[in-house]
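1. From the sequence below, what's the structure:
(2 chains)
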Amino acid sequence: MLSPSILIAAIVNGLLIGAVYALVALGLTLIYGVLHIINFAHGALLTAAMFAAFFAYRVLGIDPYLAAFLLAPAFFAIGYALQRCVIGPASHGDDRNMLLVTLGLAVIIENALLFAFRADTRTIDLSYAFGGLDLGFVFLSWPRLIGFGAMFVVALALWLIMGVTDTGRAIRAVAKEKLGAELAGIDVAHIYAVTFGLGTACVAIAACLLIPSYYVNPSAGNAFVLVAFTIVVLGGMGSVPGALIGGLVIGVAENLSSLFFGESLGQIGIFVLFIVVLLVRPSGLFGARA
Amino acid sequence: MKGLAPILVVVAAMALVPFLGVSNVTFNFLIVALMIALAGQGWNVLGGYGGQYSFGHAAFFGTGAYVTAVLQVRYGINAWIAFGLGIAGGALVGATVGGLTFRSGLRGSYFALVTLAFAEVLRISASVAPVTGAGVGTLVKLDLRVAALQFQSRAAFYWMVLTLVAVALIVTRVIERSRFGVWLIAVRENEDAATALGVNATAIKFTAMVISGAITAAAGCFYVQYFLFIDSGLAYGTWISIEALLTPIIGGVGTVFGPLLGALVVRGLGEGARMVTGGEAPGLDLVVYGCVLVLIIWFAPHGLIGWLAQLRGRSRRPAALAKIGHD
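-> Residues are numbered from 1 along each chain as shown, chains lettered A, B, ... in the order given. So this is what the prediction gives:
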């Protein structure tokens, strides 16, 4: 019989890890909402960002949380360039081609990392990473607490960008009605690239939040991105609040199901949930009916 | 039947290869390339002709492989029968996934995601279920008799996989020339318009998925007979899902010979990349695959076959079928 304190600890920790999931999902859902494609390169970009954060600490001695302020703009630029110079021109405006190009990019990035750094797993040791807040019945580690707070900061920043700036308005216009936006003089290719850049920047921040408590190897990002797909589908593709709440829900669900059924079956639970949501309500909990 | 002559010529020419005195390394290369071509042939029926891009064809490959292996090892069933049941297993998985997803009206990104998720569920299940040998995998006993569907010479394995590819090529050609094939292409080009004209799109896509699953499963069945080992990563891993969609796209989606050409080219490039670096380069062959995929979509959206046709400056097929791939 499980004691309630273990259960509460699992739920609280699930919420904390869910925040990082939500951040990864946020980038994915943003891109889906505007470009209407699933970015299959998302996981590989996360891995690349984790490597960047790892080497920023190891080589340059930059703390991962400070590195976030450098990596977010850097990965925004990478995402912008990828969409503007590769994905856009290569896919000739066809959705199926866009899916395939992002898949191709994922294969390239992941295996280039494998080629460069081999399959070794790397971790960094930060003195404060093992510390945390002990509430008696549950121990909250600093990296997870910071991740939780950062999710809200990033969500708020995105909300401001989308709501207040002209670029944000243009992004929303393109998401709603691409042709109309184009007729109104909005540069759709530019907006696509900005959106892709924002999504990639989210991933870079997530990577910086993960690296103090997680490991990195060339396929490290995949575990998160499959979960992120589930969150995006659960929350409704393209819905930002959906991604946040979906992330927290999935974090808790994963922690609870691995508590009850063990690690690998816990993973199955996520995929089954994913398939059921897709089949029964593909628009998700917060998405508009397609 | 019209259109079979080119298939027979190509297959007959390839059947003569063992008489050229090729080395074991070359044999191995050709056998694996043909196996990948077979998996790609399956993907091509659904993705190429039907426009439904699956990212989880490992679900079929792995099921074929596991059914063939487990039935032989655990239940002592004859290899030939196990092979047949493996193909049937793939068709059944196709029916299950197709029945669920197409009924729910999933298309595009959603369809790609749900196929990926099904393959992952099967992979994780196979890595824990005792019947599949869990994490250890299943080893098929070496028994080099024709009755056990194992052969002493690599040439025999080569002819076996070539026969399977030939059957898949003929099936594809028959589909292409049939009423069903025309409906399938109509669904690819514009599902709503096809439905409005009275085509039952759900049933058409479902049938295509069952055929597709069976063909790709055959590749998995062959994998087990050739390598005599299977585990969850090999059976349901993303590598085979990617190879299955890579080969037809590079060769030419929605063309009969696309997957075969694509498999030979892609495998050849991967092998070349490995040779250049002396084999000490994990992942490099896949980097090459990824680059080829992106470049083909970018500069030759109709694949190598479409590109060759363009070079010769003439359309290969009548107007109704001339649109290979998508613009």
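2. give me the number of residues near residue 224?
-> Using chain A here. Taking other C-beta atoms under 10 Å in any protein chain shown as the criterion, the count of residues near A:Phe224 is 25. Yep, even glycine has a C-beta here, placed from its N, CA and C like the rest.
3. I was after chain B.
-> Other residues near B:Val224 come to 28 when the count uses other C-beta under 10 Å.
4. What of B:Gly42?
-> B:Gly42 has 33 neighbours, counted by other C-beta under 10 Å.
5. Setting the sequence-adjacent residues aside, check what's closest to B:Tyr110.
-> Once its chain neighbours are removed from consideration, B:Tyr110 has its nearest residue in A:Pro282; the separation is 5.7 Å (C-beta to C-beta, 6 or more residues apart in numbering or on different chains).
6. Can you tell me the element A:Phe54 falls in?
-> Take DSSP states H and E as the rule and A:Phe54 turns out to sit in helix A:42-58.
7. Which of the residues in that helix are classified as buried?
-> Neighbour counts over helix A:42-58 (16 or more other C-beta atoms under 10 Å in any protein chain shown) mark A:42-57 as buried.
8. Assign the residue nearest to B:Tyr110 to helix, strand or coil.
-> Put simply, A:Pro282 is coil when judged by DSSP: H, G, I helix; E, B strand; the rest coil.
9. surely it meets B:Arg107?
-> No: counting by C-beta atoms under 8 Å, A:Pro282 does not reach B:Arg107; the two are 9.7 Å apart.
10. quick one: what helix or strand has the closest residue to chain A within the stretch 51-200 of chain B in it?
-> In the stretch 51-200 of chain B, no residue comes nearer to chain A than B:Ser109, which is 4.2 Å away by C-beta to the nearest C-beta. In the assignment (DSSP H and E), B:Ser109 maps to helix B:108-128.
11. next SSE after that helix?
-> Later in the chain than helix B:108-128, the nearest helix or strand by DSSP H and E is strand B:138-139.
12. tell me the mean pLDDT for that next one?
-> Throughout strand B:138-139, pLDDT has a mean value of 88.
13. Give the pairing partners of that strand; include direction for each.
-> Taking DSSP bridges as the criterion, strand B:138-139 sits next to strand B:229-230 (antiparallel) in its sheet.
14. buried residues in stretch A:144-153?
-> Using 16+ other C-beta under 10 Å as the test for burial, stretch A:144-153 gives A:144, A:146-148, A:150-151.
15. And for stretch B:183-195?
-> Of the residues in stretch B:183-195, those scored as buried under the neighbour-count criterion (16+ other C-beta under 10 Å) are B:183-188, B:191, B:194.
16. re the thing from before, now flag whichever of the buried residues of helix A:42-58 is closest to chain B.
-> Nearest to chain B among the buried residues of helix A:42-58: A:Ala44, at 9.7 Å, using C-beta to the nearest C-beta.
17. Find the helix or strand that the nearest residue to that closest one once chain neighbours are set aside is a member of.
-> Excluding the flanking residues, the one nearest A:Ala44 by C-beta to C-beta, 6+ apart is A:Ile109, at 3.8 Å. Under the assignment given by DSSP H and E, the secondary-structure element containing A:Ile109 is helix A:95-117.
18. Report all helices and strands that that helix contacts.
-> For helix A:95-117, the helices and strands in contact under the criterion 3 or more C-beta pairs under 8 Å, 6 or more residues apart in numbering or on different chains; DSSP states H and E are helix A:42-58, helix A:88-91, helix B:108-128, helix B:238-251, helix B:284-299.
19. Could you export these as CSV, including mean pLDDT and distance to B:Gly99?
-> Conversion of the helices and strands packed on helix A:95-117 to CSV gives the following (pLDDT from 0 to 100; distance: least, C-beta to C-beta, whole Å):
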stretch, mean pLDDT, distance to B:Gly99
helix A:42-58, 93, 29
helix A:88-91, 89, 31
helix B:108-128, 87, 12
helix B:238-251, 90, 20
helix B:284-299, 87, 30
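20. Run through the stretch 151-300 of chain B and note the low-pLDDT ranges.
-> For the stretch 151-300 of chain B, applying pLDDT under 70 flags the ranges B:278-279.
21. sorry, back to before: excluding sequence neighbours, find me the nearest residue to the residue of the stretch 51-200 of chain B closest to chain A.
-> Using C-beta to C-beta, 6+ apart, the closest residue to B:Ser109 is A:Ile38 (4.2 Å).
22. cool, and A:Leu160?
-> Closest residue to A:Leu160 in three dimensions, ignoring its sequence neighbours and counting by C-beta to C-beta, 6+ apart: A:Gly168, at 7.9 Å.
23. now do B:Gly94
-> B:Gly213 (2.5 Å).
24. Then B:Leu293?
-> Nearest-residue entry for B:Leu293: A:Gly104, 3.8 Å, with adjacent residues in sequence omitted and distances by C-beta to C-beta, 6+ apart.
25. isn't the one you found right next to B:Trp298, touching?
-> No: between A:Gly104 and B:Trp298 no contact is recorded; they are 9.6 Å apart, counting by C-beta under 8 Å.
26. Tell me who's in contact with B:Pro248.
-> By C-beta atoms under 8 Å, 6 or more residues apart in numbering or on different chains, the contact list for B:Pro248 reads B:40-41, B:43-44, B:47-48, B:254-255, B:258-259, B:262, B:303.
27. biggest separation within those, which pair?
-> Comparing all pairs in the contacts of B:Pro248 by C-beta to C-beta, the longest separation belongs to B:Gln41 and B:Gly303, at 13.9 Å.
28. Let's see the helix or strand containing A:Glu254 as CSV, backbone CA atoms only.
-> Applying DSSP H and E as the criterion places A:Glu254 in helix A:240-261. Backbone C-alpha positions of helix A:240-261 (Å, rounded to 0.1, in the frame of the first residue of the first chain) are rendered in CSV as follows:
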residue,chain,number,x,y,z
VAL,A,240,-0.6,27.6,-26.1
PRO,A,241,-2.6,27.2,-22.8
GLY,A,242,-3.3,23.6,-24.0
ALA,A,243,0.4,22.9,-24.2
LEU,A,244,1.0,24.3,-20.7
ILE,A,245,-1.8,22.4,-19.0
GLY,A,246,-1.2,19.3,-21.1
GLY,A,247,2.5,19.3,-20.1
LEU,A,248,1.6,19.4,-16.4
VAL,A,249,-1.0,16.7,-16.8
ILE,A,250,1.3,14.4,-18.7
GLY,A,251,4.1,15.0,-16.2
VAL,A,252,1.9,13.9,-13.3
ALA,A,253,0.4,11.0,-15.3
GLU,A,254,3.8,9.7,-16.2
ASN,A,255,5.1,9.9,-12.7
LEU,A,256,2.0,8.2,-11.3
SER,A,257,2.0,5.4,-13.9
SER,A,258,5.6,4.7,-13.5
LEU,A,259,5.0,4.6,-9.7
PHE,A,260,2.3,2.0,-10.2
PHE,A,261,3.4,0.0,-13.2
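29. counting contacts, what elements does it pack onto?
-> Under the contact criterion of 3+ C-beta pairs under 8 Å, 6+ apart, helix A:240-261 touches helix A:4-35, helix A:142-164, helix A:220-235, helix A:263-280.
30. what distance separates it from the centre of its chain?
-> Counting by C-alpha atoms, centre = their mean, to the nearest Å, helix A:240-261 is centred 14 Å from the centre of its parent chain.
31. ok, now which ones touch residue 205?
-> Using chain A. If you count contacts by C-beta under 8 Å, 6+ apart, A:Ile205 has them with A:23, A:68, A:71-72, A:150, A:154.
32. try chain B instead
-> Residues counted as contacts of B:Lys205 (C-beta under 8 Å, 6+ apart) are B:46, B:50, B:52, B:98, B:102, B:184, B:187.
33. separation between it and B:Gly47?
-> Between B:Lys205 and B:Gly47 the computed distance is 11 Å (C-beta to C-beta, to the nearest Å).
34. Equivalent analysis for B:Leu116, please.
-> Counting by C-beta to C-beta, the gap from B:Leu116 to B:Gly47 is 14 Å.
35. what's the answer for A:Ile38, then?
-> Separation of A:Ile38 from B:Gly47 (C-beta to C-beta): 16 Å.
36. and what of B:Ile249?
-> B:Ile249 is 8 Å from B:Gly47, by C-beta to C-beta.
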